[in-house]
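1. structure, please.
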Amino acid sequence: RAWWSSDGALAAIAETLRCRNHVVVDGFLGRAGGVALRVALERAWGGGVLEPAKVALPGDGLNGQRSDRTRSDHIAWIDAAEDAARWAPLAT
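-> Here you go, the predicted model:
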């Protein structure tokens with residue numbers, strides 16, 4: 001059983017998510033999973049799948065504006081049915 005699946009660890013992860021909106025779980029994917037994720041993301045980046053993230057306008061989560069001052073990351077919305085082949089290496 002992985003360390004992060006214990007009741008105490010899950011409670012700490014949940015609390016951190018509530019307080020900070022993100023959490024880093026060392027070793028979660030394992031080496032093989034981490035390598036597969038990196039390869040899949042490099043392919044997605046090279047294939048133009050990742051798009052600049054936007055900040056939604058108030059009351060409208062579908063439209064947004066792009067500003068490097070607010071967000072500089074890139075994202076991809078994934079539909080499991082449509083994008084299954086592209087992201088298959090991550091399913092293992």
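2. got the phi and psi for residue 52?
-> Note on residue 52: backbone dihedrals following degrees, to the nearest 10 are phi -60, psi 130.
3. which residues touch the residue nearest the centre of the chain?
-> By CA atoms, centre = their mean, the chain has its centre lying nearest to residue 75, at 8.0 Å. Contacts for residue 75 were tallied using CB atoms under 8 Å, 6 or more residues apart in numbering; they are 50, 51, 53. Every C-beta, even on glycine, is put in place using the N, C-alpha and C of the backbone.
4. quick one: it from residue 54, how far?
-> When CB to CB, to the nearest Å is the yardstick, residue 75 and residue 54 sit 9 Å from each other.
5. where does pLDDT dip in this protein?
-> Low-confidence segments of the chain, defined by pLDDT under 70, are located at 56-69, 86-92.
6. in three-state terms, label residue 40 for me.
-> helix (DSSP: H, G, I helix; E, B strand; the rest coil).
7. what about it, how many neighbours?
-> Using other CB atoms under 10 Å as the criterion, residue 40 is surrounded by 16 other residues.
8. same question, residue 44
-> When counting by other CB under 10 Å, one arrives at 17 neighbours for residue 44.
9. grab the nearest non-local neighbour of it.
-> residue 50 (5.4 Å; CB to CB, 6 or more residues apart in numbering).
10. quick one: contacts for the one you found?
-> Neighbour list for residue 50: 41, 44, 74, 75, 76 [criterion: CB under 8 Å, 6+ apart].
11. okay, among these, which ones form the most distant pair?
-> Looking at the contacts of residue 50 by CB to CB, the two members farthest from one another are 41 and 75, with 11.1 Å of separation.
12. which residue ranges of the protein form strands?
-> Remark: strands assigned in the chain by DSSP state E are 51-52, 55-57, 60-65, 74-75.
13. if I look at residue 79, how far off is residue 49?
-> Distance check for residue 79 against residue 49: by CB to CB, it reads 12 Å.
14. distance to residue 26 added to the contacts of residue 75, as TSV?
-> TSV is the format used below for these (distance: CB to CB, whole Å):
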residue	distance to residue 26
50	24
51	29
53	25
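15. for these, which one is nearest residue 15?
-> The shortest approach to residue 15 among these belongs to residue 53, at 26.1 Å (CB to CB).
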